[in-house]
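[1] need a structure here:
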Amino acid sequence: MSLTAGSVIIFQNTMGPGMTETVAKETLENASGLEAGTDFGLAYSSTLNNSTHPSKDVSNGTKVVGGITKRSLKVACLILGTITKGEIVRVKDIKTAEAVKLLEESYKDVNIAFANEFAHFCEKAGIDFVKVRNIINPLKFSRMAGLHKSRDSYFLVEEAEAVDVKLRMLSLATKINDETLDHAIRLVRDALRSCQKPLRRAKISVFGISSLPNRKRASNSATKKLVNQLKKRGASVKVYDPFFSQKELLNMGYSAEASLSKTVEGADCLVVAVAHDRFRRLNLRRIQMLMKQPAAMVDMGQVVDPVKAERVGFVYRGFGRGVWTK
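    Below you'll find the predicted structure:
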């Protein structure tokens, strides 16, 4: 290992409280023969999402930093200060910094779970969830409701159980968010059934593989699981994402074409999985004409106007948008 005396190691990935100072520290010390806090510095930093807007530059986010020693903390803050424009908040130890990130991510998951339940209610009650959301605060709720993978929440639930604490609300939230994937499959099946087509052997185009809207981030994406579930049920699936090239998508194991048009050509159903702004400006008429008739659309990203989609001929289903007529 190339770790040398005088180095400073800063972890930034999500960890359970104490893992940096136990598992990570011991691994580094065993591999290098050096002692953390004496021969090299060790710190942890998490970036808080200060904005409800998903395309916010993460370099502007607040950095929460903890160090194994005062010197480690000081040097880590100096280093991070050169690469971030946001505020740097120092906390008393690494464990506190780790807990800050877990709380933020888990709080978000609980809010998404409630939004998912409310969207499901709107769907059944003949209400458009998007209209309700936009009246309250469109930015605040822009990332709520839809496909979501609660990786960090599962991690926190496991960490809590290790110290004999049951996080009941968080456990339920992760279950609700996971069930949204099953609901997406039901919407696809229902849309195809209205087109007199079975899910088995259907050709499906999925738009969006990012884990966040308007970001090139493939890690922790719920789309991968959606694609696998559709293929498991006998469907043929191709994906498209404007933030990824065809080569990148193929390397990640997806079936992909070089363009949006090629992706939807001959498809029975289009699934909008991620709320990229680009998908709000789709030429619905052109896409519908390229697809195999009658064409179905399932909007899990809540970015397509149901009225416009039906007007151009789609059999439309949208998560939380209980206003479709076909």
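
[2] part of a strand, is Val65?
    Yes. Checked against DSSP: H, G, I helix; E, B strand; the rest coil, Val65 lies within a strand.

[3] what pairs with it across the strands?
    Ser45, Arg90 (DSSP bridges).

[4] How many residues are close by it?
    25 (other Cβ atoms under 10 Å). The C-beta positions use only the backbone N, C-alpha and C, and glycine is treated the same way.

[5] Also Phe114?
    Neighbours around Phe114, by other Cβ under 10 Å: 13.

[6] Also Glu161?
    Other residues close to Glu161 by other Cβ under 10 Å number 12.

[7] secondary structure class for it?
    From three-state DSSP, the assignment for Glu161 is helix.

[8] Repeat that for Lys92.
    Relying on three-state DSSP, one would call Lys92 coil.

[9] Find the nearest non-adjacent residue to it, please.
    Once flanking residues are discounted, Lys92 sits nearest to Gly66: 7.1 Å by Cβ to Cβ, 6 or more residues apart in numbering.

[10] Find the residue at the geometric middle of this structure.
    With distances taken as Cα atoms, centre = their mean, the residue of the chain nearest its centroid is Ser211 (3.1 Å).

[11] Could you report the distance from that residue to Arg71?
    36 Å (Cβ to Cβ, to the nearest Å).

[12] ditto for Leu250
    Taken as Cβ to Cβ, the span from Leu250 to Arg71 is 47 Å.

[13] Leu34 too?
    Counting by Cβ to Cβ, the separation of Leu34 from Arg71 is 15 Å.

[14] Quick check on these two: which one has the bigger neighbour count.
    Per other Cβ under 10 Å, whichever of Leu34 and Arg71 has more neighbours is Leu34, with 17 against 13.

[15] what sits against that one?
    The contact partners of Leu34, taken as Cβ atoms under 8 Å, 6 or more residues apart in numbering, are 3-5, 28, 40.

[16] what about the residue nearest to the centre of the chain, is that helix, strand or coil?
    coil.

[17] surely it meets Arg151?
    No. Taking contacts as Cβ atoms under 8 Å, Ser211 lies outside contact range of Arg151: 9.2 Å.

[18] which neighbours do those two share?
    Common neighbours of Ser211 and Arg151 (Cβ under 8 Å, 6+ apart) are Asn220.

[19] Pretty sure Gly67 is one of the things Ala36 touches, is it not?
    No. Using Cβ under 8 Å, Ala36 is not in contact with Gly67, being 10.3 Å away.

[20] Skipping its backbone neighbours, what lies nearest Val227 in space?
    Val237 is the one closest to Val227 (Cβ to Cβ, 6+ apart), at 5.0 Å.

[21] wouldn't that neighbour be in contact with Ile204 here?
    Yes. Val237 lies in contact with Ile204 (Cβ under 8 Å); the separation is 5.0 Å.

[22] Which is the succeeding secondary structure element to the helix or strand bottoming out on mean pLDDT in the chain?
    The helix or strand of the chain with the lowest confidence, counting by mean pLDDT, DSSP states H and E, is helix 151-162 at a mean of 77. From helix 151-162 onward toward the C-terminus, using DSSP states H and E, the following helix or strand is helix 168-194.

[23] got the angle for that following helix vs helix 151-162?
    Comparing the axes of helix 168-194 and helix 151-162 via axes from the mean of the first three to the mean of the last three Cα atoms, to 10 degrees yields an angle of 140 degrees.

[24] ok, and for helix 168-194, which residues are buried?
    170-171, 173-174, 176-178, 180-181, 183-185, 187-192 (16 or more other Cβ atoms under 10 Å).

[25] Mind giving me the packing neighbours of it?
    helix 94-125, helix 151-162, helix 223-232, strand 269-272, strand 296-299, strand 315-318 (3 or more Cβ pairs under 8 Å, 6 or more residues apart in numbering; DSSP states H and E).
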